[in-house]
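Chemist: would you be able to build a 3D model of this:
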Amino acid sequence: MKLPEGPDAYELERIIMHYSALVELRASDEDRDEAEELVARIDTEIQTALDSPTKHRDWKAARPRIEQLVTQLDQLLYYQQPESMEGA
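Modeler: Numbering: from 1, shown residues only. Modelled structure (predicted):
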């Protein structure tokens, strides 16, 4: 999912729900804690920006950090080789 350009609370809540569901569906047992921690960090960054009195400015600063966290989560969920495939 693509992050909105502006601090759209509805769209950002949908993104958190989306990534939470993906963790439930795709995270391996050994990666689940790390994946849940990444979703929590994404949620914290979003909530901090949305709760700020200068949320538009804070969203611009938070968005690149959130994109980095999303990239880390995507790598964890989609791009790690299963153990049975390593060394093949």
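Chemist: what are the contacting residues of the helix or strand where residue 61 lies?
Modeler: Taking DSSP states H and E as the definition, residue 61 sits inside helix 55-74. Helix 55-74 has contacts (Cβ atoms under 8 Å, 6 or more residues apart in numbering) with 3, 6-7, 19, 22-23, 35, 38-39, 41-42, 45-46, 48-50, 52. Every residue, glycine included, has its C-beta placed from N, CA and C.
Chemist: give me the low-pLDDT residue ranges for the protein?
Modeler: Scanning the chain for pLDDT under 70 picks out 80-88.
Chemist: what sits against residue 76?
Modeler: 27, 31, 34, 35, 38.
Chemist: now do it against residue 50, distance only.
Modeler: 25 Å (Cβ to Cβ, to the nearest Å).
Chemist: got the contact list for residue 12?
Modeler: Residues in contact with residue 12 (Cβ under 8 Å, 6+ apart) are 3, 4, 46, 50.
Chemist: and the contacts of residue 76 as a markdown table, adding distance to residue 11, neighbour count and secondary structure?
Modeler: Formatted as a markdown table, the entries for the contacts of residue 76 read as follows, by distance: Cβ to Cβ, whole Å; neighbours: other Cβ atoms under 10 Å; DSSP: H, G, I helix; E, B strand; the rest coil:
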| residue | distance to residue 11 | neighbour count | secondary structure |
| --- | --- | --- | --- |
| 27 | 23 | 19 | coil |
| 31 | 26 | 15 | coil |
| 34 | 25 | 13 | helix |
| 35 | 21 | 21 | helix |
| 38 | 19 | 23 | helix |
